[in-house]
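Visitor: Predicted model and sequence below, questions to follow.
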Amino acid sequence: MSNPFILLWLEAPLQSWGADSRFGRRDTLDFPTKSGLLGLLCCALGAGGEQRELLAEMAPLRQTVLAFQRERGERPPLLRDFQMVGSGYDEKDKWETLLIPKKRDGGGAVGGGTKMTYRYYLQEATFATALEVPAARAEEFAEALKAPVWDIYFGRKCCAPTDLVFRGEFDSEAAALEAASSIAKEKSLREAFRVRDYAPGDQSEGEVVALNDVPVQFGTRKKYRERRVTIIHYSDEE
């Protein structure tokens, strides 16, 4: 028996889907990552820690993302959020000093340890994701997404959904994507591009890229591996 697909509708004023960001610059891809979506699923389930078993089960399963935009008009530009971390604390207060970044050996950093960070967000983005799930877990996942144990968000905790996320369980990916298109039509949205797992011959259909976004282990020491995806863009005339 083949696995079913669940349809997730991802709509919010802000979304941020980082794949390889480190240190002070936290970028976002133009579309949801596999690690971000499985993190969302773990939040819904209330599943903390490494979750190696669940992630291993989900890693080989398909995921297709449809990106939508208004029928008229372009997508808004990225939002850049500038933040300073570790500034404004009283170095004479033993509790506040714990919040100031330090060197690995615990000593004070040059310039007091203040860090500047830039965080990027997609604005007014809307996606639909058809996510293949193990048949034995489909009902468990559906119930969790309808009544999440923990808050769910789109990449970062400030990116809260503004519409229902879970949109049903389907026997096939095609059926899930057709349902997504129907929702988009009701909202006067058109598909701008889609991101699907790579398949041989995809070079002629779109751009093939490698992403390091398949989570092997969550928790304090996160680990990821690569996958290839195909990005297919659609022009306004289609």
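Guide: Structure received.
Visitor: Let's verify the residue nearest to the spatial centre of the chain: helix, strand, or coil?
Guide: Centroid check for the chain by C-alpha atoms, centre = their mean gives residue 36 as the closest residue, at 3.2 Å. Residue 36 carries the three-state label helix when classified by DSSP: H, G, I helix; E, B strand; the rest coil.
Visitor: residues contacting it?
Guide: Neighbouring residues of residue 36 by C-beta atoms under 8 Å, 6 or more residues apart in numbering: 17, 18, 154, 155, 213. (Glycine included, C-beta is placed from N, CA and C.)
Visitor: if we go to 10 Å?
Guide: Residues near residue 36 by C-beta atoms under 10 Å, 6 or more residues apart in numbering: 10, 15-19, 28-29, 153-156, 159, 213, 215.
Visitor: Among these, name the ones in helices.
Guide: Per DSSP state H, helices hold no members of the contacts of residue 36.
Visitor: Using PyMOL, define a selection of the buried residues within those residues.
Guide: A single PyMOL command is used to select the members of the contacts of residue 36 judged buried by 16 or more other C-beta atoms under 10 Å:
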select buried, resi 10+15+16+17+18+28+29+153+154+155+156+159+213+215
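Visitor: Same question for stretch 131-143: list its buried residues.
Guide: Going by 16+ other C-beta under 10 Å, stretch 131-143 has these buried residues: 131, 132, 133, 137, 138, 141, 142.
Visitor: Out of those, the closest to residue 2 would be?
Guide: Set against residue 2, the nearest of those by C-beta to C-beta is residue 132 (8.8 Å).
Visitor: Residue 226 in helix, strand or coil?
Guide: Per three-state DSSP, the local secondary structure of residue 226 is strand.
Visitor: Surely it and residue 212 touch.
Guide: Yes - the criterion here is C-beta atoms under 10 Å, and residue 226 meets it with residue 212 at 5.1 Å.
Visitor: Just want to know which of those two has more residues nearby.
Guide: It is residue 212, of residue 226 and residue 212, that has more neighbours when counted by other C-beta atoms under 10 Å, with 12 against 9.
Visitor: distance between the top helix by length along the chain and the chain's centre?
Guide: Longest helix in the chain by number of residues (criterion: DSSP H): helix 173-186. Offset of helix 173-186 from its chain centre (C-alpha atoms, centre = their mean, to the nearest Å): 20 Å.
Visitor: and the next element down the chain from that helix?
Guide: Using DSSP states H and E, the helix or strand that follows helix 173-186 towards the C-terminus is strand 189-197.
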